[in-house]
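Undergrad: Got a sequence here, can you build the structure:
(chains A and B)
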Amino acid sequence: MQISLKLELSDKPGQLLAAIKPVSDSGANIISIMHQRDAAAGDGTLIVDIVVTLPQNRLGQLESALRSNGIEIIRIGTDHLTCTKTFILIGHILHTDLTDTINRIDKANVAEVTELHMVMPGITQPSTAKLTIKAAGSAEMDQACEILVKIAEEKHLLIIDEEGGLA
Amino acid sequence: MKPMRIALLGLGSVGRGVAKVLANPEYGFVITAAADSKSGAVAPLGATLDMCEVFARKNATGKCGDSAWSAERIVREAEYDILVEVSPTNAQTGEPALSNIRAALMRGKHVVTSNKGPISIAYPELSAVAKEHNAGLMFEGTVAGAVPIMNGLRHGLAGNRVNALFGVLNGTCNYILTRMEEEGLTYQQALLEASDLGYAEADPSADVNGTDAAIKLVILANTMLGMNVTLDEVVRVGIDGMTADALMMAGKTGHTIRLIASIHPDKRQLEVSPRLIHKEHPLVVDGTLNAVTVDTELAGPVTFIGRGAGSVETASAVLADLIALKERYGDK
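TA: All right, here's what the predicted structure looks like:
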């Protein structure tokens, strides 16, 4: 799982190491570290952004290690949804309960509709929408696709999938 | 080498193309019998038919020859070495072409066809009959016109396992989608244009609903990939609901939409549906062209592109089959 950490450090020597060492000790794979002195708020603190990959069950351990080193954790962002697929849908998308369509695909931390762009040329004409689904992995994406196919059948929507097909 | 004798069934666009190509004596074939759906012409023993005369008679009277010589009778009684069956496709029963091909094979005559009906419906049976009677059965022209997909798979890529196959197998749909993409035409406008240019049939439904491509997929699956599937097993979604907006949206990320026919042999999955595809992908061809990408075990992906229909183009596939038969069985 990819995790982004926003940390607040005191602006004095040795603090950056105090922030990085627990991360490294946790076995996380560090993807990037952003450390800008200019971003100092003027109150003797400094912001550091770290992006790592780490198994989810070790996140708690990392948090406590950071806190015991006197590091303030401002925000932890996790991105579970690493698999992305785009579809185009054609049909009466809005009038067949768009909220229902999205609700049925959305499953917290498993699969989500992250983008929807729709063109509606006229009330009697079919709309066209571009829909992006993000999922935690390929198995979860397959599940989301299955749900989408079922919805499309019910609501008479045409799904245009990517080249490999719904296979 | 003695020329091989051909009985030609079907004197439409493809039949004319075949007659035109075979008029060149260098290829080593002569036409000794010919029939359309109403009548037939048979040359006296040892002689060959003057096809210009046959077509002139057909144009003038609507019949190419004598009603007493039906296609069925030619198949059973006339003197020939190879039956060239290029009559129009009947996708439901394959008839009358199916019975004619079967009868010719049972006489030990070789068969070359561009007719999708019999091959998509009865390939396992026809292939067994051919084997039993030591006759050749060739059908390169049934899929993707001039594109040598069958020969490419059978010989060029021999021994390679095919992991997946993707094809643009319907020129009418590809033309419509190309025009919608290029000019922002509606589906109806693009279809009308395709009809005006003769790219779409009077009843284009089998093309635009994906059936034509699905039939070709069944042929490829059964003849080239060792599967045994029927048309009902192919998931089919057509392009008749396509909007110009969809192509515009696809274009914003460098994609387009094409009617893609695919086979995943391991999963026994066959599907024809419009799909998003990157514009740089080799399968994205313009106008009425056809393309097939085979993803193979050793050679990786290989793409074939060419003209998928047309009189002389399909005759090219028929000629290739005829020459292969001549190399294998000629002068025996």
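Undergrad: From the structure, what's the count of residues near the residue of the stretch 201-332 of chain B found nearest chain A?
TA: Nearest residue of the stretch 201-332 of chain B to chain A (C-beta to the nearest C-beta) works out as B:Asp245 at 3.7 Å. C-beta: built from backbone N, CA, C; applies to glycine. Around B:Asp245 there are 22 other residues, counting by other C-beta atoms under 10 Å in any protein chain shown.
Undergrad: Please look at B:Ala246 and A:Leu157 and confirm they touch.
TA: No. Using C-beta atoms under 8 Å, B:Ala246 makes no contact with A:Leu157, being 11.7 Å away.
Undergrad: Identify the contacts common to those two.
TA: A:Ile90 (C-beta atoms under 8 Å, 6 or more residues apart in numbering or on different chains).
Undergrad: quick one, what contacts A:Ala136?
TA: Taking C-beta under 8 Å, 6+ apart, one finds A:80-83, A:109-111 in contact with A:Ala136.
Undergrad: any chance of those in JSON lines, with neighbour count, secondary structure and distance to B:Ile239 too?
TA: Below are the contacts of A:Ala136 laid out as JSON lines (neighbours: other C-beta atoms under 10 Å in any protein chain shown; DSSP: H, G, I helix; E, B strand; the rest coil; distance: C-beta to C-beta, whole Å):
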{"residue": "A:His80", "neighbour count": "19", "secondary structure": "coil", "distance to B:Ile239": "36"}
{"residue": "A:Leu81", "neighbour count": "19", "secondary structure": "coil", "distance to B:Ile239": "31"}
{"residue": "A:Thr82", "neighbour count": "15", "secondary structure": "coil", "distance to B:Ile239": "32"}
{"residue": "A:Cys83", "neighbour count": "17", "secondary structure": "strand", "distance to B:Ile239": "28"}
{"residue": "A:Asn109", "neighbour count": "12", "secondary structure": "coil", "distance to B:Ile239": "37"}
{"residue": "A:Val110", "neighbour count": "18", "secondary structure": "coil", "distance to B:Ile239": "33"}
{"residue": "A:Ala111", "neighbour count": "26", "secondary structure": "strand", "distance to B:Ile239": "28"}
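Undergrad: now for those, which pair is the farthest apart?
TA: Greatest spacing in those, by C-beta to C-beta: A:Cys83 and A:Asn109 (12.9 Å).
Undergrad: Quick check: the residue of chain A nearest chain B.
TA: For chain A, C-beta to the nearest C-beta, closest residue to chain B: A:Thr128, 3.7 Å.
Undergrad: Give me the buried positions along the helix or strand containing that residue.
TA: Secondary structure assigned from DSSP states H and E places A:Thr128 in strand A:127-135. Buried residues in strand A:127-135, counted by 16 or more other C-beta atoms under 10 Å in any protein chain shown: A:127-131, A:133-135.
Undergrad: which sections of chain B are below the confidence cut-off?
TA: Within chain B, the ranges that satisfy pLDDT under 70 run B:332.
Undergrad: Pull the residues that contact the helix with the most length in it.
TA: Scanning chain B for the helix with the most residues, using DSSP state H, yields helix B:311-329. Contacts with helix B:311-329, where a contact means C-beta under 8 Å, 6+ apart, come from B:1, B:4, B:6, B:13-14, B:16-18, B:20-22, B:27-29, B:81-82, B:84, B:86, B:110, B:112, B:114, B:136, B:138-141, B:145-148, B:151, B:306-307.
Undergrad: Up against chain A, what does chain B have?
TA: Contact residues (C-beta under 8 Å from any C-beta of the partner chain) of chain B with chain A: B:166, B:235, B:237, B:241-243, B:245-246, B:248-250, B:253, B:257, B:260, B:262, B:264, B:267, B:269, B:271, B:273-278, B:281, B:283.
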